[in-house]
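**Q** Have a look at this prediction, sequence included:
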Amino acid sequence: MRILCRNLFCGLFFVAAHAVAQPAVLLDGKPAASLADAMSKAEVGSRIELAPGVYEQAGVLRADFVSIVGEPGTVIANTAVEGKAALVIKGSNTLIAQIECHGIQVKDQNGACVRLEGSNLELDKVYFHDSEQGVLTGKNPGFVVIRNSRFQRLGKRGRAHAIYVGGGELQIINSEILASKDEGHEVKSRARRTVIESSLIASLDSMDSRLLDIANGGELIVNHSVLQQGKRTANNDMIGFGLEGVKYPLNRIELHRNVFVIDQEKTRILSARPKTVRVDSSLNTIVGDYRQGIDGVALHLEDRAAIGLPSYPSLEGIRRLLDGALPIGSQP
């Protein structure tokens, strides 16, 4: 399997962040008073650069074509603006890269690291964790692309999730979405097209819900990825499709060369409405027992031991599947 970055984060996220009183912020190469100041003063095409440190700051961005880029060890924590998020993006065509974010909570219990109210967002090498939500968008977000990133321990009361996209198109590439909590989904998408490639989506031992909730149908494409459902998940569907009503004229599911690791009993890999939705699947591997499967299964193994995986809820064994050390989507 082709992996875009052999080491998922290339060592960028796990540099310890040392708190400083006033981390340096540059706006187009010139010092800014704060992150909020830089975001409010940004113009079309601006670049905001964040030095390593802990920023207990939040901001609103209205300009288009802006990049917000941190150095290794850049952390935004514990604060939100407008009762919404740490970074509220009202502009379009925004890049946010190499930033860790955690501890975001708001009154409505859907506090996000990033709230997209504009359109077209790219997240690259971000690590969003231990907040109510990772990224949340409005109904018309355009294109949302997530690359080389990790989302972990996110969710609140089953209504906030690691990733929640309200429309448009969503791409998740070479990323990990792990251990959503409080019955949140790892990915909830109302996009007309959701694409997941070379990624790991896993419950581990959390009390999450579905790994993928594609609430209003459309196109779902999952290739070369590993999906793991744990024993404590509150929902036995790994993937839900159209369960809140189909709204798009084209509805199809494509599943190729994936590994489904099932640690819960009586799991349904896919629950879809309408039941006649087109499903194109091939060369998938299933590890574990299940109540309802999918077509296109090349290999079915009884449990983790049959494929040499460490016992539940080990993550390292699951990562070995993604890294290609163990077969993924192998022919029997």
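**A** Arrived safely, thanks for sending.

**Q** So which residues of the stretch 1-150 of the chain form helices?
**A** Here the stretch 1-150 of the chain has its helices, by DSSP state H, counting those that start in this stretch, at 35-41.

**Q** Could you list the buried residues of stretch 138-156?
**A** Across stretch 138-156, burial judged by 16 or more other CB atoms under 10 Å covers 141, 144-156. (Each C-beta comes from the backbone N, C-alpha and C, glycine too.)

**Q** so how far is it from its chain's centroid?
**A** 5 Å (CA atoms, centre = their mean, to the nearest Å).

**Q** how about low-confidence regions in the stretch 201-332 of the chain?
**A** For the stretch 201-332 of the chain, the stretches with pLDDT under 70 are 326-332.

**Q** In strands only, show me the buried residues of stretch 138-156.
**A** The strands, defined by DSSP state E, take in 144-147, 150-152 from the buried residues of stretch 138-156.

**Q** what's the burial count for the closest residue to residue 278 other than its chain neighbours?
**A** In space, and not counting its chain neighbours, residue 278 is closest to residue 252: 4.5 Å by CB to CB, 6 or more residues apart in numbering. Neighbours of residue 252 under the rule other CB atoms under 10 Å: 16.

**Q** How much space separates residue 252 from residue 276?
**A** 11 Å (CB to CB, to the nearest Å).

**Q** Equivalent analysis for residue 231, please.
**A** 32 Å.

**Q** go on, residue 263?
**A** Residue 263 is 30 Å from residue 276, by CB to CB.

**Q** before we move on, what about residue 153?
**A** 37 Å.

**Q** Quickly find the element holding residue 320.
**A** Assessed by DSSP states H and E, residue 320 sits inside helix 316-323.

**Q** If you count neighbours, what's buried in that helix?
**A** Neighbour-count burial for helix 316-323 [16+ other CB under 10 Å]: 317-323.

**Q** so which of the residues you listed comes closest to residue 311?
**A** Among those, residue 317 lies closest to residue 311 (CB to CB), at 8.4 Å.

**Q** my guess is that closest one contacts residue 310, does it?
**A** Yes - counting by CB atoms under 8 Å, residue 317 does reach residue 310; the two are 4.2 Å apart.

**Q** shared neighbours, the two?
**A** residue 304 (CB atoms under 8 Å, 6 or more residues apart in numbering).

**Q** Can you tell me the closest non-neighbouring residue to residue 225?
**A** Of all residues not flanking residue 225 in the chain, residue 199 sits nearest, at 4.7 Å (CB to CB, 6+ apart).

**Q** Distance check, the residue lying closest to residue 266 once chain neighbours are set aside against residue 240.
**A** Residue nearest to residue 266 in three dimensions, not counting chain neighbours: residue 291, with 4.5 Å by CB to CB, 6+ apart. Distance of residue 291 to residue 240, computed by CB to CB: 15 Å.

**Q** what mean pLDDT does stretch 31-39 have?
**A** Average pLDDT, stretch 31-39: 98.

**Q** residues of that stretch that come out buried?
**A** Using 16+ other CB under 10 Å as the test for burial, stretch 31-39 gives 32, 35-39.

**Q** tell me which of those residues is nearest to residue 296?
**A** Using CB to CB, the buried residues of stretch 31-39 come closest to residue 296 at residue 39, 46.2 Å.

**Q** Have a look at residue 291 and residue 240 and say which one is more surrounded.
**A** residue 240 (22 against 11).

**Q** ok, that one touching residue 271?
**A** Yes - here residue 240 lies in contact with residue 271, judged by CB under 8 Å, at a distance of 5.2 Å.

**Q** distance of residue 84 from residue 132?
**A** Look at residue 84 and residue 132: by CB to CB, they are 11 Å apart.

**Q** what do these two both touch?
**A** Here residue 84 and residue 132 have 106, 111-112 as joint contacts, going by CB under 8 Å, 6+ apart.

**Q** Most neighbours among these, please name it.
**A** residue 112 (28 neighbours).

**Q** Next up, the contacts around that residue.
**A** Shown in contact with residue 112 (CB under 8 Å, 6+ apart): 84-86, 104, 131-136, 160.

**Q** This completes my enquiry, with thanks.
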